[in-house]
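Peer 1: Show me how the following folds:
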Amino acid sequence: MRLLLRDDPGQVEHVDALVAAGDLFVPFTVLIETEWVLRAVYRLERHSIAALLRSLAIIQGISVPDRGGVLWACERYAKGADFADMIHLVATESAEFLTFDRDFVRFAGSDSRCKVRRIG
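Peer 2: Residues are numbered from 1 along each chain as shown. Below you'll find the predicted structure:
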């Protein structure tokens, strides 16, 4: 969070040193939690959150699982999708994803990495 928001100088200094050293890994679960905190705690707007998450995914010294998939999820999120749902799709990859959510299929789009099918 500090890396993205730069809101605590002491913690930012530590985070910047870690990033400069490289080889930091941010898993899907942390990305999902970061979106939630930016939305629910900091009350940022969707487009700002999407931009921050995109920037996190491309910072040199930080790796995320499936960078292209994370960027795809950020794009879908910016257009109104639930970020966690889109990350679940990225993580699913080749299996079929079943959902009761009627908007999920629409937000996943035709370029989803796995088939999304609405049930019920």
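Peer 1: so where is the chain shaky, pLDDT-wise?
Peer 2: Counting by pLDDT under 70, the low-confidence segments of the chain come to 1.
Peer 1: Next, find the distance separating Leu31 from Asp85.
Peer 2: Distance from Leu31 to Asp85, counting by Cβ to Cβ, to the nearest Å: 13 Å. To be clear about C-beta, it is placed using only N, CA and C from the backbone, and glycine gets the same treatment.
Peer 1: ok, the most centrally placed residue in the chain - contacts?
Peer 2: By Cα atoms, centre = their mean, the chain has its centre lying nearest to Leu31, at 4.8 Å. By Cβ atoms under 8 Å, 6 or more residues apart in numbering, the contact list for Leu31 reads 53, 56, 64, 70, 83, 87.
Peer 1: ok, of those residues, which one's closest to Leu4?
Peer 2: Nearest to Leu4 out of these is Leu56 (Cβ to Cβ; 6.1 Å).
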